[in-house]
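> Below are the sequence and a predicted model for it; my questions follow.
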Protein chains: 2
Amino acid sequence: MEPPEVGELTPPDRMLMGPGPSEVHPRVRRAMSTPLVGHLDPAFVDLMDEVQELLRYTFQTDNEFTIPVSGTGSAAMESAIANLTEPGDTVLVPDNGYFGDRMASMVRRAGGSVERVDAPWGAPLDPDDVAAACETHDPDVVGFVHAETSTGVLQHDVPALTETAHDHGALVVADTVTSLGGVELRVDEWGIDAAYSATQKCLSAPPGASPLTLSERAVEKVTSRDAPVRSWYLDLSLLADYWGEERAYHHTAPITNVYALREALRLVAEEGIEARWERHERVAGALRDGVEAMGLGLASESWLPSLNTVALPDGVDDTVVIDHLLAEHGIEVAGGLGDLAGDVLRVGCMGHSARPANVLALVAALGDVLADQDADVDPDAGLAAARRRL
Amino acid sequence: MEPPEVGELTPPDRMLMGPGPSEVHPRVRRAMSTPLVGHLDPAFVDLMDEVQELLRYTFQTDNEFTIPVSGTGSAAMESAIANLTEPGDTVLVPDNGYFGDRMASMVRRAGGSVERVDAPWGAPLDPDDVAAACETHDPDVVGFVHAETSTGVLQHDVPALTETAHDHGALVVADTVTSLGGVELRVDEWGIDAAYSATQKCLSAPPGASPLTLSERAVEKVTSRDAPVRSWYLDLSLLADYWGEERAYHHTAPITNVYALREALRLVAEEGIEARWERHERVAGALRDGVEAMGLGLASESWLPSLNTVALPDGVDDTVVIDHLLAEHGIEVAGGLGDLAGDVLRVGCMGHSARPANVLALVAALGDVLADQDADVDPDAGLAAARRRL
């Protein structure tokens, strides 16, 4: 076999304003070029402690069990679902976006049965519906999506959901993939039992080591299971021995991704978590004001600053807009999924990408691309509104 | 909650001569500091094609299904095992090292039953024993470890194993974690149906995106399963749609790890795979000559250049040797596992760590540390022998 001839790594320069990844901060990229130490090196063990402490701050929790899972966000998601679902358990999952379906698939593979809480795509769950579903199905676990990347919906009233679930003896799992580090999230105060996230959204580290936190009650369920978890790689009772006091070898941690996460979380701590939430709201607010003043609306009933679902005018082809933004401006945004496919753009405003310069460039470029498509928009008004807000 | 105060990332400088990770080549570290593009960006799709082509070359296979799994080596391992094991299947696993046990645990979690092929720790499997086990148990899958990281054993006669397994209608899964890119491995010629590996061994990229290749027969089994795989994250039928022609979104790939893997595989292609195998044999040969001339032996019946299991003299405490090498010389090696715990050092010679300078430093430092412990060794003779071989 002849060796393939593959040239130098020269990816194009992109402004990342899609549903993730967001742009990685230069300090985080520099951290990734640091030489490795071994995953059982005493120096790495100290570094694991620091990452855990920084993660607790970012999640706003005192949970001892707070770790990065060795995989992308979906690995952390399945860790939470598969470990908390025992065969025969009933798990309530939401029906208002893409990631509820993924939760359902994970529950079934873990041997659980799925019941749904209905809400339209683009709307949050109504706590009364969750209460009614708890009444009917008596679930063991209630899952919800705090920040729906597929629809741009923020779930409000989280404490109402967790209280209802706890009243019925259920544990609560929260998908915080697109909220952690960008949108107010208080794991302990809100009574969340398990929250999982990803690094390539509001934390702006490359994907590959994904935050997960479990309350004591959740850990108790995991460690007292009758049947072992159906994945060895994602078995949190084994991972607890590596990230806990024993530091027992389970698998090789993705060392460089842990370096990156540590630096990304240091940036969170330096900025302060509340200030960071406020920055996302302000910068994404400029984006929202800009697209609204241009003549477009948001397709979500509950605004999520980190993911803005922009409704496109009738007759505009979303793929043309997406392709032109990428080819002419080097800006990445994404189209809609599921019930919203073809009708919306999904525009992220996350982490290091949540910068005034990015939003101004995006609003200006989007206005021009839409005007080129003969859409009835006013790019100048959009840009002026965004500038006013910033 | 107060933000934690965590200082700059300043890990100590290590010479990595343990069972992995190996030292990452500077070109690979530089690749990891490259800004991200999105995982669905047309530029990333081209890059995925290149990585797949480079992986095929490194595995010496034409298998269409050849991908990096989004996790560390154990994720690729469980992908192979969990996808090829249907509930009720019988899987033959080896009993001569640590990783056979891990395979067994994965098989059981996938709903399969485990049968063992016995061999002592430190010895390879005897093909006759595999044939006898196939006769007795009529397995659906036969697993073996090509390069046992826990014992430093290379499995010879791979074609004899695969032929036997195929005669009994079984698929063959090979653990090539510590051989891929460092020790002769010919997936197609040897008739291996599934081979998984890791990047932090002989490929010298950071862990986090792990090579996996499946033959057509193996893919056919995966896609015609009755029961879905018990992990959504590791379901290869879903991953096939992302890495195949459709490029359908499954999960966010660990983009930076894919950049790193691409650069590491380019280095393999530039060196040439046969030349790379030869380098490992020569440089590790100097290590072996050095420790033997010093008065130590190797504890493996079948030498594995990438992982050398050095028998310690009676009365020497392995943890003292390991700690002194790390503290005084900044050199990482590891102790034995399982049946070999306490009796051996495991010294890696992998990828970018497989350099003459590293081996000379290690032989000299090991000789001095052992002499300090009053062990009956001759450091000068060891160093002279290593130099002669290089």
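Yep, it's here.
> make it CA atoms for all contacts and neighbour counts henceforth
Fine.
> Show me what from the stretch 201-350 of chain A comes close to chain B.
A:206-208, A:228-233, A:251-257, A:259, A:263, A:266, A:269-270, A:272, A:332 (CA under 8 Å from any CA of the partner chain).
> ok, stretch A:97-109 near chain B or not?
Yes: judged by CA under 8 Å from any CA, stretch A:97-109 comes into contact with chain B through A:105-106, A:109.
> Which members of those residues are positioned in helices?
Of the positions in these, A:105-106, A:109 sit in helices, assigned by DSSP state H.
> how about the helices of the stretch 101-250 of chain A, start to end?
Along the stretch 101-250 of chain A, counting by DSSP state H, counting those that start in this stretch, helices occupy A:127-137, A:158-167, A:216-223, A:236-243.
> Which among those helices is found nearest to A:Val117?
The minimum distance between A:Val117 and the helices of the stretch 101-250 of chain A falls on helix A:127-137, with 6.2 Å, by CA to CA.
> what's in contact with that closest one?
Here helix A:127-137 makes contact (CA atoms under 8 Å, 6 or more residues apart in numbering or on different chains) with A:90, A:92, A:115-118, A:157, A:160-161, A:164-165, A:168.
> at 7 Å what do you get?
Residues from elsewhere that reach helix A:127-137, judged by CA atoms under 7 Å, 6 or more residues apart in numbering or on different chains: A:117, A:160-161, A:164-165, A:168.
> Any quick PyMOL command for the buried ones out of the ones in helices among the residues of stretch A:97-109 next to chain B?
Entered in PyMOL, the line below selects the buried ones among these, by 16 or more other CA atoms under 10 Å in any protein chain shown:
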select buried, chain A and resi 105+106+109
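> residue contacts, A:Leu223?
For the record, residue A:223 is Thr, not Leu. A:Thr223 neighbours (CA under 7 Å, 6+ apart): A:Ser237.
> got the phi/psi numbers for the closest residue to A:Pro87 other than its chain neighbours?
Distances taken as CA to CA, 6 or more residues apart in numbering or on different chains put A:Gly111 closest to A:Pro87, at 4.1 Å, once the chain neighbours are dropped. Per-residue torsions, A:Gly111: phi 90, psi 10 (degrees, to the nearest 10).
> For A:Gly111, report the pLDDT, please.
In this model, A:Gly111 is scored at 97, pLDDT.
> Check A:Ala299 too.
89.
> next one: A:Pro3
96.
> helix/strand/coil for it?
coil (DSSP: H, G, I helix; E, B strand; the rest coil).
> these two touch, right, it and B:Leu267?
No: contact criterion CA atoms under 7 Å: A:Pro3 and B:Leu267 do not qualify, at 10.4 Å.
> For these two, list the residues in contact with both.
Common neighbours of A:Pro3 and B:Leu267 (CA under 7 Å, 6+ apart) do not exist.
> residues contacting the nearest residue to A:Asn96 once chain neighbours are set aside?
Distances taken as CA to CA, 6+ apart place A:Trp121 nearest to A:Asn96, at 4.4 Å, with adjacent residues excluded. Each residue near A:Trp121 by CA under 7 Å, 6+ apart is listed here: A:96-97, A:151, A:339.
> Quickly note the distance from A:Ile67 to chain B.
15 Å (CA to the nearest CA, to the nearest Å).
> just checking, that residue touches A:Leu54?
No: A:Ile67 is not in contact with A:Leu54 according to CA under 7 Å; the separation is 10.0 Å.
> and A:Leu337, what does it touch?
With CA under 7 Å, 6+ apart, A:Leu337 has these contacts: A:Ser150.
> And for A:Thr309?
Contacts of A:Thr309 (CA under 7 Å, 6+ apart): A:151-152, A:298-300, A:344-347.
> Buried residues, the lowest-mean-pLDDT helix or strand in chain A. List them.
The helix or strand of chain A with the lowest confidence, counting by mean pLDDT, DSSP states H and E, is helix A:236-243 at a mean of 89. By neighbour count on 16+ other CA under 10 Å, the buried set for helix A:236-243 is A:236-240, A:242-243.
> quick one on the thing from earlier: using TSV, lay out the contacts of A:Trp121 together with secondary structure, pLDDT and neighbour count.
Shown next, in TSV, are those (DSSP: H, G, I helix; E, B strand; the rest coil; pLDDT from 0 to 100; neighbours: other CA atoms under 10 Å in any protein chain shown):
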residue	secondary structure	pLDDT	neighbour count
A:Asn96	coil	92	25
A:Gly97	coil	93	25
A:Thr151	coil	95	33
A:Asp339	helix	86	15
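> quick one: which of those residues is nearest B:Asp289?
Using CA to CA, those come closest to B:Asp289 at A:Gly97, 62.2 Å.
> Against A:Asp343, how distant is the nearest residue to the closest one once chain neighbours are set aside?
Leaving aside its chain neighbours, A:Gly97 sits nearest to A:Trp121 (5.4 Å; criterion: CA to CA, 6+ apart). From A:Trp121 over to A:Asp343 the distance is 12 Å, taken as CA to CA, to the nearest Å.
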